[in-house]
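Peer 1: no sequence for this one, just the structure:
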Ligand SMILES: Nc1ncnc2c1ncn2[C@@H]1O[C@H](COP(=O)(O)OP(=O)(O)OP(=O)(O)O)[C@@H](O)[C@H]1O
């Protein structure tokens, strides 16, 4: 157990993300008045210890302290409460309420998609949390299933949004200086990717992606490289899966508007989703169905979205496409659409801050007059330094061959994507393959049964329906080494039979054995009296007996002939003397 600050003891790591590691921790003594929740000795909490490069960055430490009050005052039933901030030596840490439950990403992976009703109700609660934080001027900017924790309350799953403020804290040149880019391409709003000003509408876009993923099991724009995903956010309209009811699709489409001004406010989103959930259930009344079908009218855009404050001296490293708007911005046919931003304001490693929702590193100016350092291309350096993260937030190594400065990225052949096995269904009904006892098609659909032991609540009931998009991360590659000179090759021994026939060796052995038997049989036939025996029709033992007796007769004849010869010889000798 490791102390952190004077008030907390880290017990065990719960998980690791892009910005730090979350620990289960215990309170040693009550925190001071500066903490939002002083806590009691022995109480269990979760502590996110920010990564060293964040903690060592003076800008971030300053912002951490400055934003303390914003983070600590953010309270909502669907937001994981930040209780305290610890700044001590090299350590920056956020003390949070411990949520005893899986995150939504894990839950989806283990249990498959939710029904449209359950997904609407769950997202409505997330929208409630967003509405509260947006009203307070706080934009999350990294909304994704991994940042939604599922707490169990009264036998129901209760979504809680976490990591508020982390994006903002990390929005500093610090990450850029470490040549690192982090982000979650599948959830990035088009304006973030383009480096245009961001507002609370980026969270609505994230909510739309999350909602889509909840009902289908996968985000709408996923697969391929980060650049490809990014392009799809910018240029591709999401397609409606057959299992998504019309009213719910209206909500998703509005959230995923490329134009942030057309996205609904978080408050209206929550209202719209509840109307949809009420009108697409199996027990919906005609009035509820009608209200759901008219949900578009409820999704009025936010007249004054909360702006994401500019970070002094920070440029948005998410920017990979030329900013400046215009009708060509989303032109999918534009071959040069993935181009580094150039010119003032575009940012670069030196000038830019890193956005934790960033998907791409800052791109240097291509002004030929610009001073060229001896360092490798910053783009390459950052990509090379990209490191592995958890499965949701992607840090992606980009091969220099895919550098859009050189050529348009080529689509790599992808393994076949999982298609949800939904059949068209009545709204609110769970598709059979996802049907689980703890998910009846009403509000409690994602609530485990109260009598189930906790460890079973999230246990997969079936094979996961969706393999999450594994991030195509390749570890930083060392610079290519010149190939070592090769030894001259020995001329290859050519086989007599250059064609390799499987089982030929065995066949050869068999043929050889057969040949042996044939030769042996022929010798026996020719050199033994076998032919005579066969001709005389003798039995085997009779023939053997005959042979033994003839051999013994022959031997005795030889013996007697020898005796006779000896006797005769002796007599002859005697006679000669
Ligand atoms: N308050 C909490 N209580 C319990 N577990 C938590 C809490 N906060 C985070 N976790 C768990 O810790 C793990 C890591 O959280 P973290 O927020 O660092 O990951 P992440 O959201 O995937 O990363 P990031 O948002 O930084 O890219 C997650 O698996 C999450 O379930």
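Peer 2: Thanks, I have the structure now. Predicted model, so just to flag it, every value in this text is computed and none were measured.

Peer 1: contact residues of the protein facing the ligand?
Peer 2: 14-20, 22, 46, 48, 80, 96-99, 103, 142, 146-147, 149, 162-163, 390, 392-393 (CB under 6 Å from any ligand atom). No exception for glycine: its C-beta is placed from N, CA and C like everyone else's.

Peer 1: which members of these occur in strands, if any?
Peer 2: The strands, defined by DSSP state E, take in 14-16, 20, 22, 46, 48, 96-97, 149 from these.

Peer 1: low-confidence regions, the protein specifically.
Peer 2: 165, 167-183, 310-505, 563-577 (pLDDT under 70).

Peer 1: please, where are all the strands along the chain?
Peer 2: Under DSSP E, the chain gives strands at 2-4, 8-16, 20-27, 44-50, 82-88, 91-97, 148-153, 156-161.

Peer 1: sorry, back to before: adding neighbour count, write the ones in strands among the residues of the chain next to the ligand out as TSV.
Peer 2: Below are those laid out as TSV (neighbours: other CB atoms under 10 Å):
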residue	neighbour count
14	16
15	13
16	13
20	21
22	21
46	21
48	23
96	24
97	20
149	25
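
Peer 1: what residues of stretch 80-93 count as buried?
Peer 2: 80-86, 92-93 (16 or more other CB atoms under 10 Å).

Peer 1: distance of the closest residue to residue 289 other than its chain neighbours relative to the ligand?
Peer 2: Closest residue to residue 289 apart from its sequence neighbours, by CB to CB, 6 or more residues apart in numbering: residue 279 at 4.7 Å. Using CB to the nearest ligand atom, to the nearest Å, residue 279 is found at 33 Å from the ligand.

Peer 1: I'd guessed residue 279 sits against residue 286; true?
Peer 2: No: using CB atoms under 8 Å as the test, residue 279 is too far from residue 286 to be in contact (9.5 Å).

Peer 1: now do the same contact list for residue 285.
Peer 2: When contacts are counted by CB atoms under 8 Å, 6 or more residues apart in numbering, residue 285 touches no other residue.

Peer 1: and the gap between it and the ligand?
Peer 2: From residue 285 across to the ligand, the span is 39 Å (CB to the nearest ligand atom).

Peer 1: how much space separates that residue from residue 130?
Peer 2: Note on residue 285: its distance to residue 130, by CB to CB, to the nearest Å, is 29 Å.

Peer 1: do residue 230 as well
Peer 2: From residue 230 over to residue 130 the distance is 23 Å, taken as CB to CB.

Peer 1: neighbour count: those two, which is higher?
Peer 2: residue 130 (31 against 26; other CB atoms under 10 Å).

Peer 1: now for the more buried one: which residues touch it?
Peer 2: 140, 143, 161, 200, 203-204, 207, 266, 269.

Peer 1: so which of those is the most crowded?
Peer 2: With neighbours taken as other CB under 10 Å, the top of the contacts of residue 130 is residue 203, carrying 32 neighbours.

Peer 1: so that one sits against residue 147, correct?
Peer 2: No: Residue 203 is not in contact with residue 147 according to CB under 8 Å; the separation is 10.9 Å.

Peer 1: residues contacting residue 88?
Peer 2: Here residue 88 is in contact with 4-5 (criterion: CB under 8 Å, 6+ apart).

Peer 1: again with residue 261
Peer 2: By CB under 8 Å, 6+ apart, the contact list for residue 261 reads 201, 301.

Peer 1: tell me how far it lies from residue 196.
Peer 2: For residue 261, the distance to residue 196 - CB to CB - is 12 Å.

Peer 1: likewise residue 110?
Peer 2: Residue 110 is 37 Å from residue 196, where distance means CB to CB.
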